[in-house]
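In: Turn this into a structure:
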Amino acid sequence: MPYDGAMSRYGQYCAVARALEVLGERWTLLVARELLLGSTTFTQIRCGLPRIPRATLSSRLRILRAAGLIDLAGSEYRLTEAGQALAPVMRELARWATVTDSAPLSGNDLDVAALMWDMRRRIDSAALPGRKVILAIEFTDRVTDRNFWLHLSRTEVNLCRQDTGAPVDVWLCAPAAETTRWWLGLQSWGQLLRHPGVRVHGDRDLQRQMHRWFLRYIFTPDALQRAGPAAGKPISPGAPD
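Out: Below is the predicted model:
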């Protein structure tokens, strides 16, 4: 069903303009991104977008439903085939931001709550030890959102904002910017550890293997290079074929 909401229209036949009438409002594409990355509930989407107002999220979900990009079954949102088709769009937007200087990473982008949620969902369960492990992460340059705990096992991964009192196996203490740069694939684990503001302590065997527990950001430069450019001819202003 075509979207026929109240959003201002561009009044152009261009397919890009028509797509932006559905997806161009603030937060809409990021809501779709969260669904593409596996979120299915309102709460999960907000964990990935901690700065979005609740009313705004409700509005954007209604827009995506009206456009036929998502369905609601009970309390769970699911992407339709049209919604799933946004995956290569997301990848190419990430590639554009990564390979150009038009959208550089800045201090205003360092949302550690969103970072930790992304880390939680990008755990390689098969790489975890055979027992439950608790990893505490402290962002040393933060007053709020300073401490997080990951409870990791091969069958369950949980992110905690409060100390449950369970014994911690490994501590990672680091500035938000350096941790984010590692997550984005802009520096290696070894480079992160060599930064003077970074400390890791706890079980030494776990320290040596912990970087392998994380799949890292889905759009690291290496991942984008492996995916290759989008299929199809480049856009040319020349005469039609």
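
In: what's in contact with the helix-or-strand element of the chain with minimal mean pLDDT?
Out: The least trusted helix or strand in the chain, going by mean pLDDT, DSSP states H and E, turns out to be helix 221-227, with a mean of 91. For helix 221-227, the external contacting residues (C-beta atoms under 8 Å, 6 or more residues apart in numbering) are 91, 94, 95, 98, 185, 186, 217. Where you see a C-beta, it was placed from the backbone N, CA and C, and this is true even at glycine.

In: Restrict it to CA atoms and write it as PDB.
Out: Only the C-alpha atoms of helix 221-227 are listed here, as PDB (Å, rounded to 0.1, in the frame of the first residue of the first chain):
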ATOM      1  CA  PRO A 221      35.700  -0.500   6.200                       C
ATOM      2  CA  ASP A 222      36.800  -4.100   5.900                       C
ATOM      3  CA  ALA A 223      33.200  -5.400   5.900                       C
ATOM      4  CA  LEU A 224      32.300  -2.800   3.200                       C
ATOM      5  CA  GLN A 225      35.200  -3.800   1.100                       C
ATOM      6  CA  ARG A 226      34.300  -7.400   1.300                       C
ATOM      7  CA  ALA A 227      30.700  -6.600   0.300                       C
END
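
In: Quick check: closest non-adjacent residue to residue 207.
Out: In space, residue 207 comes closest to residue 200 once its chain neighbours are excluded; the distance is 5.4 Å by C-beta to C-beta, 6 or more residues apart in numbering.

In: wait, is the one you found part of a strand?
Out: Yes: remark: residue 200 belongs to a strand, assigned using DSSP: H, G, I helix; E, B strand; the rest coil.

In: Kindly provide the distance from it to residue 128.
Out: In this view, residue 200 and residue 128 are 17 Å apart by C-beta to C-beta, to the nearest Å.

In: Ok, residue 193 next?
Out: 20 Å.

In: so what are the domain limits for this protein?
Out: Using automatic domain parsing, the domain ranges for the chain come out as 15-99, 108-223.

In: could you dump the ones you listed to JSON lines with distance to residue 229 and mean neighbour count?
Out: Converted to JSON lines, the domains of the chain look like this (distance: least, C-beta to C-beta, whole Å; neighbours: other C-beta atoms under 10 Å):
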{"stretch": "domain 15-99", "distance to residue 229": "8", "mean neighbour count": "16"}
{"stretch": "domain 108-223", "distance to residue 229": "13", "mean neighbour count": "16"}
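
In: which residues touch the most centrally placed residue in the chain?
Out: Computing the C-alpha centroid of the chain and ranking residues by C-alpha atoms, centre = their mean puts residue 118 first, at 5.0 Å. Contacts for residue 118 (C-beta under 8 Å, 6+ apart) come out as 37, 48, 183, 217.
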